[in-house]
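Participant: Next one to model:
(2 chains)
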Amino acid sequence: GDSVTQMEGPVTLSEEAFLTINCTYTATGYPSLFWYVQYPGEGLQLLLKATKADDKGSNKGFEATYRKETTSFHLEKGSVQVSDSAVYFCALRRMGGSEKLVFGKGTKLTVNP
Amino acid sequence: NAGVTQTPKFQVLKTGQSMTLQCAQDMNHEYMSWYRQDPGMGLRLIHYSVGAGITDQGEVPNGYNVSRSTTEDFPLRLLSAAPSQTSVYFCASSGQGFSYEQYFGPGTRLTVT
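Facilitator: Numbering: from 1, shown residues only, chains lettered A, B, ... in the order given. From the prediction side, this is the model:
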């Protein structure tokens, strides 16, 4: 079945550090890929998405590129801020069946000043 | 637009009690779904609906019922609460199609004692 694997957390960085959170997937066909962010006590918000191979999603300084050859969708940001502290979820959604979102287990990021 | 709203925000139940978690959206989305979030598990799909009058099971449907009488509303019913149903529940909605992102409500934190 479909699955998403993302790097285990927690991740702790200093402000202005470079961030990478790895995400790889297994799916039939060509899914759409998403990064969601969850701030403490809140629901999930879409951070960025890509719907086909080689697409780059970007938002708020975060970027991720859909790499079909490596089945990956790694999240990067060049300079993190304290306000980026949250849990990040990689997810996929594909055609057919329930069209459900399949989530990774989440990576908790803490950014210290 | 209010987006996706959920009530209540918090709930404590005793084992064996029943209750309904409410979910509503004002974006005219056909697709709605319920997920539960447990530590270290990511989010798992409980039930989903692709339109009024149409519902189907996700990966963890046991102990839950849903109905969809209108486009806007998608309530989740716990028939006889069990401690294993202690979790955070999220409702989500989206346009029909795997390239669309899902919009999440703020969540309901349920504790079953």
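Participant: ranges for the strands of chain B?
Facilitator: Applying DSSP state E to chain B gives strands spanning B:4-7, B:10-13, B:19-25, B:31-38, B:42-51, B:54-57, B:64-66, B:76-78, B:87-94, B:103-104, B:108-112.
Participant: can you put these in CSV and add distance to A:Asp54, mean pLDDT and mean neighbour count?
Facilitator: Yep, even glycine has a C-beta here, placed from its N, CA and C like the rest. Below are the strands of chain B laid out as CSV (distance: least, Cβ to Cβ, whole Å; pLDDT from 0 to 100; neighbours: other Cβ atoms under 10 Å in any protein chain shown):
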stretch, distance to A:Asp54, mean pLDDT, mean neighbour count
strand B:4-7, 31, 96, 18
strand B:10-13, 44, 96, 14
strand B:19-25, 33, 97, 19
strand B:31-38, 27, 95, 24
strand B:42-51, 26, 92, 20
strand B:54-57, 33, 94, 14
strand B:64-66, 38, 97, 19
strand B:76-78, 38, 97, 18
strand B:87-94, 24, 96, 23
strand B:103-104, 26, 94, 23
strand B:108-112, 39, 97, 18
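Participant: between those, which one is nearest to A:Val37?
Facilitator: strand B:103-104 (10.9 Å; Cβ to Cβ).
Participant: what pairs with that closest one, and is each one parallel or antiparallel?
Facilitator: strand B:87-94 (antiparallel) (DSSP bridges).
Participant: Work out the gap between the strand it pairs with and the centre of the chain.
Facilitator: Its chain's C-alpha centre and that of strand B:87-94 lie 5 Å apart, by Cα atoms, centre = their mean, to the nearest Å.
Participant: mind saving the C-alpha coords of that strand as CSV?
Facilitator: The C-alpha coordinates for strand B:87-94 follow below in CSV (Å, rounded to 0.1, in the frame of the first residue of the first chain):
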residue,chain,number,x,y,z
SER,B,87,-7.3,10.9,20.5
VAL,B,88,-7.4,14.2,18.6
TYR,B,89,-10.0,14.1,15.8
PHE,B,90,-9.7,16.3,12.7
CYS,B,91,-12.2,16.9,10.0
ALA,B,92,-11.1,18.0,6.6
SER,B,93,-12.6,19.0,3.3
SER,B,94,-11.4,19.5,-0.3
